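Participant: Structure for the following, please:
(chains A and B)
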Amino acid sequence: MKRFIARNAPGYIFLLPWLVGFFLLALGPILASLYLSFTRYDMVSAPRWIGFGNYEYMFTRDRRFWKALEVTFHYVVLAVPARLAMALAVAMLLDKGLRSIGLYRAIFYLPSLLGASIAIAILWRQLFDAHGVVNQALAYIGIRGPEWLTNPETSIYALVALAMWQFGSPMLIFLAGLRGIPRDLYEAAEIDGTPRWRQFTRITLPLLAPVIFFNLVLQTIEAFKTFSSAFIISNGTGAPADSMLFYTVYLFNEAFKFFRMGYASALAWVLLIIIAIFTATAFLTSKYWVHYENERD
Amino acid sequence: MGLDEATRIAHEFKLRRLKRERNGRLLKHAFLIGVSFIMLYPLFWLLSASLKPENEIFGNVDLWPSVFMVENYTKGWHALPESFTVFYVNSAIVTVLSVIGNLLSCSFAAYAFARLRFTGRNFFFALMMMTLMIPYHVVLIPQYVQFLQLGWVDTYLPLVVPRFLASDTFFIFLMVQFFRQLPRELDEAAMIDGCSPFKIYWAIVLPLSLPAMGTAAIFSFIWVWEDFLAPLIYLNDIKSYTVPLALRLFLDQDGQSAYGQMFAMSVLSLVPVVIFFVLFQKLIVRGIATSGMK
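Facilitator: Got it, this is the predicted structure:
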């Protein structure tokens, strides 16, 4: 027994801050939020148990919940592929023997680092203003741009553009992945006269699949969690006509504007389940479409 | 076909390839410069708008201001009920404490996971990896209730204390990746010499992990500096606002026309991040490539 303690003590001593944090800031709150999701709770009186009431209301009667899901999914479907395509295209351009790669890489990454800040969200509001830079640029080529942010049809594209502008970190990960593809594969293909696009579909894509997969999972989770930019650009409400009512914005307003803590907890749990299902599906199906180099033999 | 003929053809083939490659390179540079311009244009626009008189900001693509309105900066600094000196001090307090907390607590946990043997290690490691995936919004409400009951709302404690408990799990993962690469023989030799695990952590693992610690420090600095949601929830008194919350106040002022000042303060809020980026670009790039962060 003494030996058991002596052997394990150092590990647990070093782990202690995290362990305390894990129980008090992660596990505890997750369970508490599960409990709260079955209650009505306004922070004034004690939580009142209402069973599945919140979930029932959410799925059958709450049209804003469905709207928030629609907006968020719409955004994920547009923004993630756009950002990844951009990141991969630029990474491939940078990959092959250019000298000033460091400078380009820095320029392309900078927006990603700044992108989460409120200053950029404020800037974006002005760029996509009816008389903003985007519409002025469009006017140059003879297109009359819409009133991006006040038109429910177009407002989401301002946010998609913001997401595309921040392709920096998947680009860096793609660059690292491209470095790992043996050059002689391309040389052999070149000698065989394989066209470029075929080299791309037959060599680059399959060998890069694990990296693409990794970026896809990571970026999708990030996109589901989009908050600050949508919050600032839509004045904290998700307007116009709830077209920027991102899931997290809806959750925030339910919790901290209307103090419907029980209902907001239920919303949070649905978000957790959506992300968990997505991640699990991605990993379970990955063996059908992602081949890892070392698993071949 | 003689040998000469063959070399001639081969030579010509090579010349043609070189020429194609050079043209390709030029085209590539032209394209990349174009993309760079588009990428940087919004930032230039922000900088230029922050120096323009109010009537030139909109309806004018020209980046060069007709007069340089330095007043936007001096007036903007005092445009809100509290001066930006207060907001910067607040942000600095929160950021510095959070970075210290992150580095200490995450390196502790990472050292345990990567270098020490104990029962339950794999189990806890798996738990830790799972918390990486959990959206902050799920723990937000119970945490808020908890901190409210502790009387911590409107203090910096809800922003800082979790960081001393390794709540930014991502950095544990980053450090574990790095610590694992250090040669085991170092620990073993030190152990034989009678070093305690703490001594090994402090005198061997940490000094050898400065790049990883640097990367973690830079990213936690930037993320905490830009953090909006947690301050938005926990700080109500304008005297305790951090810079991002203060910037939002510009948007809330009704019927104002202080765009120039708002942009000026926006530019200033980005300056620390840009400085860090310029100084530590290599660490940042390597950090992302090896760990895949957002």
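Participant: tally of neighbours for residue B:92?
Facilitator: 14 (other Cβ atoms under 10 Å in any protein chain shown). Using the backbone N, CA and C atoms, a C-beta is placed for each residue, glycine as well.
Participant: What strand or helix carries it?
Facilitator: Using DSSP states H and E, residue B:92 sits within helix B:84-115.
Participant: Poorly predicted segments of the chain, please.
Facilitator: Because you didn't say which chain, this covers chain A. Across chain A, the ranges flagged by pLDDT under 70 are A:97-99, A:291-297.
Participant: sorry, should have said chain B
Facilitator: Checking chain B against pLDDT under 70 turns up B:1-2, B:59-61, B:254-257, B:290-294.
Participant: State which helix of it is the longest.
Facilitator: Counting residues, the longest helix found in chain B (DSSP state H) is helix B:3-49.
Participant: list the helices and strands it packs on?
Facilitator: When contacts are defined as 3 or more Cβ pairs under 8 Å, 6 or more residues apart in numbering or on different chains; DSSP states H and E, helix B:3-49 sits against helix A:63-95, helix A:101-114, helix A:118-127, helix A:133-140, helix B:259-291.
Participant: Just the buried residues of the helix holding residue B:92, please?
Facilitator: B:84, B:86-88, B:90-91, B:94-95, B:97-99, B:101-103, B:105-115 (16 or more other Cβ atoms under 10 Å in any protein chain shown).
Participant: So residue B:135 versus residue A:278, what's the distance?
Facilitator: 12 Å (Cβ to Cβ, to the nearest Å).
Participant: more crowded one of these two?
Facilitator: residue B:135 (19 against 16).
Participant: now that one, nearest residue through space, not along the chain?
Facilitator: residue A:225 (5.3 Å; Cβ to Cβ, 6 or more residues apart in numbering or on different chains).
Participant: Identify the residues contacting that neighbour.
Facilitator: Neighbour list for residue A:225: A:248, B:135, B:136, B:137 [criterion: Cβ atoms under 8 Å, 6 or more residues apart in numbering or on different chains].
Participant: Can I have the buried ones of the residues you listed as a ChimeraX selection?
Facilitator: Typed into ChimeraX, the line below selects the buried ones among the contacts of residue A:225, using 16+ other Cβ under 10 Å:
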select /A:248 /B:135,137
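Participant: ok, back up a step: how far is the longest helix of chain B from where the chain is centred?
Facilitator: Chain-centre distance of helix B:3-49: 32 Å, with Cα atoms, centre = their mean, to the nearest Å.
Participant: swap in stretch A:95-105?
Facilitator: The answer for stretch A:95-105 is 27 Å, by Cα atoms, centre = their mean.
Participant: Could you identify the helix or strand that succeeds the helix holding residue B:92?
Facilitator: That would be, after helix B:84-115 and using DSSP H and E, helix B:121-133.
Participant: Pretty sure residue A:170 sits against residue A:219.
Facilitator: Yes - Residue A:170 lies in contact with residue A:219 (Cβ atoms under 8 Å); the separation is 6.1 Å.
Participant: Common neighbours of those two, please.
Facilitator: With Cβ under 8 Å, 6+ apart, residue A:170 and residue A:219 have common neighbours A:83, A:84.
Participant: Identify, from the contacts of residue A:225, the entry nearest to residue A:12.
Facilitator: The shortest gap between residue A:12 and any of the contacts of residue A:225 belongs to residue B:136, at 26.9 Å (Cβ to Cβ).
Participant: That closest one and chain A: what is the separation?
Facilitator: 7 Å (Cβ to the nearest Cβ, to the nearest Å).
Participant: coming back round to it: more neighbours: residue A:170 and residue A:219, which one.
Facilitator: The neighbour comparison of residue A:170 against residue A:219 (other Cβ under 10 Å) goes to residue A:170, with 30 against 23.
Participant: Could you dump the contacts of residue A:225 into JSON lines and include secondary structure?
Facilitator: JSON lines is the format used below for the contacts of residue A:225 (DSSP: H, G, I helix; E, B strand; the rest coil):
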{"residue": "A:248", "secondary structure": "helix"}
{"residue": "B:135", "secondary structure": "coil"}
{"residue": "B:136", "secondary structure": "helix"}
{"residue": "B:137", "secondary structure": "helix"}
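Participant: For the contacts of residue A:225, name the two members farthest from one another.
Facilitator: Top of the distance list for the contacts of residue A:225 (Cβ to Cβ): A:248 and B:136, 9.0 Å.
Participant: element containing the closest residue to residue B:146 other than its chain neighbours?
Facilitator: Ranked by Cβ to Cβ, 6+ apart and with sequence neighbours excluded, the top spatial neighbour of residue B:146 is residue A:29, at 7.3 Å. Per DSSP H and E: residue A:29 is located in helix A:28-36.
Participant: Mind listing the strands the helix or strand immediately after that helix in the chain pairs with, and their directions?
Facilitator: Sequence order places strand A:39-40 as the next helix or strand after helix A:28-36, per DSSP H and E. Taking DSSP bridges as the criterion, strand A:39-40 forms sheet pairs with strand A:48-49 (antiparallel).
Participant: Identify all contacting residues around the strand it pairs with.
Facilitator: Strand A:48-49 has contacts (Cβ under 8 Å, 6+ apart) with A:38, A:39, A:40, A:41.
Participant: and the contacts of residue A:225 as a markdown table, adding distance to residue B:46?
Facilitator: A markdown table is the format used below for the contacts of residue A:225 (distance: Cβ to Cβ, whole Å):
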| residue | distance to residue B:46 |
| --- | --- |
| A:248 | 25 |
| B:135 | 30 |
| B:136 | 28 |
| B:137 | 29 |
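Participant: which of the contacts of residue A:225 lies closest to residue A:151?
Facilitator: Here the nearest of those to residue A:151, counting by Cβ to Cβ, is residue A:248; it sits at 22.6 Å.
Participant: And the helices in the stretch 101-250 of chain B?
Facilitator: B:121-133, B:136-149, B:157-164, B:169-179, B:184-192, B:197-200, B:206-208, B:210-226, B:229-234, B:243-252 (DSSP state H, counting those that start in this stretch).
Participant: Could you confirm whether the longest one reaches chain A?
Facilitator: Which is helix B:210-226. Yes - interface with chain A: helix B:210-226 contributes B:222, B:223, B:225, B:226 (Cβ under 8 Å from any Cβ of the partner chain).
Participant: Can you give me the buried ones in that helix?
Facilitator: B:212-226.
Participant: hang on, the earlier thing: mind giving me the packing neighbours of the helix holding residue B:92?
Facilitator: helix A:2-21, helix B:71-77, helix B:121-133, helix B:157-164, helix B:169-179, helix B:210-226, helix B:243-252.
Participant: who's in contact with residue A:130?
Facilitator: Shown in contact with residue A:130 (Cβ under 8 Å, 6+ apart): A:145, A:147, A:148, A:149, A:150.
Participant: Save those as CSV, and put in secondary structure, neighbour count and distance to residue A:48 too.
Facilitator: As requested, the contacts of residue A:130 are exported to CSV (DSSP: H, G, I helix; E, B strand; the rest coil; neighbours: other Cβ atoms under 10 Å in any protein chain shown; distance: Cβ to Cβ, whole Å):
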residue, secondary structure, neighbour count, distance to residue A:48
A:145, coil, 16, 50
A:147, coil, 15, 45
A:148, coil, 23, 43
A:149, coil, 26, 40
A:150, coil, 15, 40
